[in-house]
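*Asks:* I need the structure of the sequence given here:
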Amino acid sequence: TVAIPASLPDFGRDMLMDLAPMVVCGWSSLPKSTALKIIAEHPSNDLFTYTHGFGTSMYYAFILSAVYARDFKQSLVLLVTWPSNPEASAVAGGWLLSTMMSSVERQYTHAEQNMQASVSPLLSMAVDVRKALGSNKRGDRRRMLWKAHSMGCYLVLSLVDRLHQQSGDVAGIFSKAILDAPDVPTWFFTQICDMCATQGCEFLHLYSPNDKAVDASRVRRAIEPPCPGNGVVLVHERIQPVNCVKAVSNNTLNHDYGRRDGFTLMDQRDFLAGIPPKERLLDFVVDRESGFAHWDLRTGR
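*Replies:* Alright, predicted model coming up:
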């Protein structure tokens, strides 16, 4: 349970979301069968699933899930969490590795391995949840909606990749997905998103040229710009790339605009609600150099 002051506007005061007043009041552990029963019997037509990125505590993930549930008008929410914040000292290698790699680099590498190791159990969970959701009383299939941030996008796309390899229900499990500041290798992002969109999935791709965190990952992976976190790398009719350069972030890395900026939160809500881009606070732009089309977030700032 997360307590959010009733006086706090949906998208934050002055369209800036402040998480400081929010408090996790408590939580309880449920057997898998009980959780699936709750999902199956819930009246909502949609299940919203949030997957966090690198260096995120359980406490912080709980609060973000509550923010998205309220702002996106989602009554049935599933938090997909994974060990994203390991201790740097837990990485084996002795003095040589410590000399060659900073503590942050060792921690990031360890977290990325944890993310890859989480794919199989989380995919099994997603398949079970899809079965529990079933259809509503009208016989329409209930939807699974996703939002992932940073390395969480890598995890979600890895789930899609593994499911596709198993000839699974890609469009049924990933109906719509928000990829927020994706920290994903470019080749993997383009390959999986193109496959998924071709099968009927819809994506909102949020990026910012000012995002220093994803650019650091790009350099670390020796990938030429642009990368998915700071530019358009794929054009598809079911993928909506939105440039969030005008959005406000809460840190010097400019990496959390997807949860900090009220205008960005509003656009995510509208995407999930099925409102087309031309009817949202977006401006259509065609890049002169690449020829790629995208949408610019309009903030009035």
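*Asks:* doesn't Asn114 make contact with Trp82?
*Replies:* Yes: look at Trp82 against Asn114 with C-beta atoms under 8 Å: they come within range, at 6.3 Å. For every residue, glycine as well, the C-beta is placed using N, CA and C.
*Asks:* Report how many residues lie close to the residue nearest to Ser75 when sequence neighbours are not counted.
*Replies:* Leaving aside its chain neighbours, Ser75 sits nearest to Ser44 (4.9 Å; criterion: C-beta to C-beta, 6 or more residues apart in numbering). Using other C-beta atoms under 10 Å, Ser44 has 15 other residues around it.
*Asks:* More neighbours: Trp82 and Asn114, which one.
*Replies:* Taking neighbours as other C-beta under 10 Å, Trp82 and Asn114 compare with Trp82 leading, 21 against 17.
*Asks:* Tell me the pLDDT of that one.
*Replies:* Listed pLDDT for Trp82 reads 96.
*Asks:* Then the one 5 residues further on?
*Replies:* Glu87 is assigned 71 on the pLDDT scale.
*Asks:* Likewise for His110?
*Replies:* pLDDT for His110: 87.
*Asks:* now do Leu96
*Replies:* What the model reports for Leu96 is a pLDDT of 57.
*Asks:* Just say helix, strand or coil for Ile63.
*Replies:* What DSSP: H, G, I helix; E, B strand; the rest coil gives for Ile63 is helix.
*Asks:* For the residue nearest to it when sequence neighbours are not counted, give me its contacts.
*Replies:* Excluding the flanking residues, the one nearest Ile63 by C-beta to C-beta, 6+ apart is Met22, at 4.9 Å. The neighbourhood of Met22, defined by C-beta atoms under 8 Å, 6 or more residues apart in numbering, consists of 2-5, 63, 66-67.
*Asks:* ok, back up a step: could you check how far the residue nearest to Ser75 is from Val214?
*Replies:* According to C-beta to C-beta, to the nearest Å, Ser44 and Val214 sit 32 Å apart.
*Asks:* Repeat that for Asn230.
*Replies:* As judged by C-beta to C-beta, Asn230 and Val214 stand 6 Å apart.
*Asks:* any common contacting residues for these two?
*Replies:* Joint contacts of Asn230 and Val214 (C-beta under 8 Å, 6+ apart) are Tyr207.
*Asks:* returning to what we had before: mind listing what the residue nearest to Ser75 touches?
*Replies:* Contacts of Ser44 by C-beta under 8 Å, 6+ apart are 74-76, 142.
*Asks:* and the residue nearest the centre of the chain, what element?
*Replies:* Residue closest to the average C-alpha location in the chain (C-alpha atoms, centre = their mean): Ala148, at 1.1 Å. Assigned by DSSP states H and E, Ala148 falls within strand 143-149.
*Asks:* what's that strand packed up against?
*Replies:* strand 46-51, helix 119-133, helix 151-165, strand 176-180 (3 or more C-beta pairs under 8 Å, 6 or more residues apart in numbering; DSSP states H and E).
*Asks:* Pull up the pairing partners for the first one, direction included.
*Replies:* Translated: strand 46-51. Strand partners for strand 46-51, identified by DSSP bridges, are recorded as strand 77-80 (parallel), strand 143-149 (parallel).
*Asks:* Report the buried residues of stretch 119-126.
*Replies:* The neighbour-count check on stretch 119-126 (16 or more other C-beta atoms under 10 Å) flags 119, 122-123, 125-126 as buried.
*Asks:* oh sorry, the question was meant for stretch 68-83
*Replies:* Residues of stretch 68-83 classed as buried: 68-72, 74, 76-82 (neighbour count, 16+ other C-beta under 10 Å).
*Asks:* what residues does it touch?
*Replies:* The contact list for stretch 68-83 (C-beta under 8 Å, 6+ apart) reads 4, 10-11, 39, 42, 44, 46-52, 56, 58, 61-62, 65, 111, 114-115, 118, 122, 125, 129, 145, 147, 152, 155, 259, 265-266, 268-269, 272-273.
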